[in-house]
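[1] quick one: sequence and predicted model below, then my questions.
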Amino acid sequence: MKYYLVVGERSGDLHAANLMKALQKKDPQAEFRFWGGDAMQAVGGQMVRHYKEMAFMGFVEVLQNLRTIRKFLKACKLDIEAHQPDVVILVDYSSFNIRIAQYIKKKNIATKIYYYISPKIWAWGVKRAYKIKRLIDRMFVIFPFEVDFYKQFGYEVDFVGNPLWDAIQDFKPNADFKAQNQLNDAKPIIALLPGSRKQEVSKILGKMLAIRTAFPQYQWVIAGVSNLPEEYYRVYDALPDVKVVFDQTYDLLQNAEAAIVTSGTATLETALLDVPQVVVYQTSFLTYQIVKSLIKVKYISLVNLVAEKEVVRELIQHDFSKDNLTNALQKIVLGGEKRQKTYTDYQEMRGRLGKQGASETTATLISQYLQKDIPLG
């Protein structure tokens, strides 16, 4: 079978790579072509474009780069049409991927369209469920509440479990992490996860570090990502008790006492690795006003959404202040009043995420559906 995958960000690259590995077990003749990243490239196949060229976030940022996004959309559409894959697997990244699905249907391209990791339309844009039902042949969701959400629209989807379980299960801690990164073995670590996009790092990282003088007994370690230039971080690396480590987020969390995390997939990863955290987020004023008017859910972090209650403190936009962040962090560091309750709530939340093996489950279902939808022989 010929598989064409479209990914638009770092976490999607990781999950798509694990799916590709699982698909190879089911289909040793699998041919992959994709818009993705380094993790997918390591599995094999032909990468058309790297996701880091397309990682725009927020309404304002998207509008500012609209010409570039349109160019990428056109290139992706034409490439799919030229290569005629058996199945296109779209991974999250809804604003781009739904347009790709629309084009495939409009052009009557003889390929199936599967979606792995549903767009978060339950948070905003609920009525887009009707469009997804019309365009997507099979949907594989990673949160149990998404099954009931889509049922409201008469659309049956498959819950496959959360792929972060797979990534964490494969993680092998580095016993020499502190020594190799020249970290102070005598000082506990506060991990800073500012995100994987330049807009996030530029808006959020400085505000995370602004409270460090209130915690002189700690060292502050930034989870850098190699898809961003090093200079985004080095200005902070020169500060006392501040270090940057690149592409070692799980090892960093494994050694951290607490974390400050930009809202996104990393909040769930931090919880699954059992690290108490404060979730923060800030974007442009205009983007925030637009999102605020559209949002349909009570929480922004995946941890709280899955738990359906406040497990971790969220500091969003104007609430993301120096005083609020200091107070929230004090409550979850060693001796903090909320620390033990966080562990208990994490355990309950993990029970809602389903079993491990999301990649294998999804690959099995894709194989079965393809044989049904595209009879062999």
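    Perfect, I can see it now.
[2] what helix or strand is the residue lying closest to residue 249 once chain neighbours are set aside located in?
    Spatial nearest neighbour of residue 249, excluding adjacent residues (CB to CB, 6 or more residues apart in numbering): residue 223 at 4.5 Å. (Each C-beta comes from the backbone N, C-alpha and C, glycine too.) In this assignment (DSSP states H and E), residue 223 forms part of strand 219-224.
[3] do residue 354 as well
    Counting by DSSP H and E, residue 354 is found in no helix or strand.
[4] the one 10 residues further on now?
    In this structure, residue 364 sits in helix 358-373 according to DSSP H and E.
[5] any idea of the mean pLDDT for that helix?
    Average pLDDT, helix 358-373: 93.
[6] related to what we said a few turns ago, show residues contacting the strand holding residue 223.
    Residues from elsewhere that reach strand 219-224 (CB atoms under 8 Å, 6 or more residues apart in numbering): 181, 183-184, 187-194, 205, 209, 212, 230, 232-233, 236-237, 241-249, 252, 256, 266.
[7] packing partners of the next helix or strand after it?
    Reading on from strand 219-224 to the C-terminus, the next helix or strand found by DSSP H and E is helix 231-237. Here helix 231-237 touches helix 198-209, strand 219-224, strand 242-246, going by 3 or more CB pairs under 8 Å, 6 or more residues apart in numbering; DSSP states H and E.
[8] next, the angle strand 219-224 makes with the shortest one.
    To tie it back to what came earlier, the one meant is strand 242-246. 30 degrees (axes from the mean of the first three to the mean of the last three CA atoms, to 10 degrees).
[9] list the buried residues in strand 242-246.
    Residues of strand 242-246 classed as buried under the neighbour-count rule (16 or more other CB atoms under 10 Å) are 242, 243, 244, 245.
[10] just to check, the third one is in contact with residue 234?
    Put plainly, it is residue 244. Yes - Residue 244 is in contact with residue 234 according to CB atoms under 8 Å; the separation is 7.2 Å.
[11] any buried residues in stretch 241-260, and which?
    The neighbour-count check on stretch 241-260 (16+ other CB under 10 Å) flags 241-245, 248-260 as buried.
[12] pull up the distance across that stretch, start to finish.
    One end of stretch 241-260 to the other measures 16 Å (CA to CA, to the nearest Å).
[13] which stretches of the stretch 151-300 of the chain form strands?
    For the stretch 151-300 of the chain, the strands defined by DSSP state E, counting those that start in this stretch cover 158-159, 189-193, 219-224, 242-246, 256-262, 277-281.
[14] in a markdown table: those strands, plus mean pLDDT and distance to residue 24.
    Putting those into a markdown table (pLDDT from 0 to 100; distance: least, CB to CB, whole Å) gives the following:
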| stretch | mean pLDDT | distance to residue 24 |
| --- | --- | --- |
| strand 158-159 | 96 | 20 |
| strand 189-193 | 98 | 31 |
| strand 219-224 | 96 | 30 |
| strand 242-246 | 95 | 28 |
| strand 256-262 | 97 | 33 |
| strand 277-281 | 95 | 35 |
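[15] adding distance to residue 332, write the ones you listed out as TSV.
    Converted to TSV, the strands of the stretch 151-300 of the chain look like this (distance: least, CB to CB, whole Å):
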stretch	distance to residue 332
strand 158-159	31
strand 189-193	10
strand 219-224	15
strand 242-246	20
strand 256-262	5
strand 277-281	7
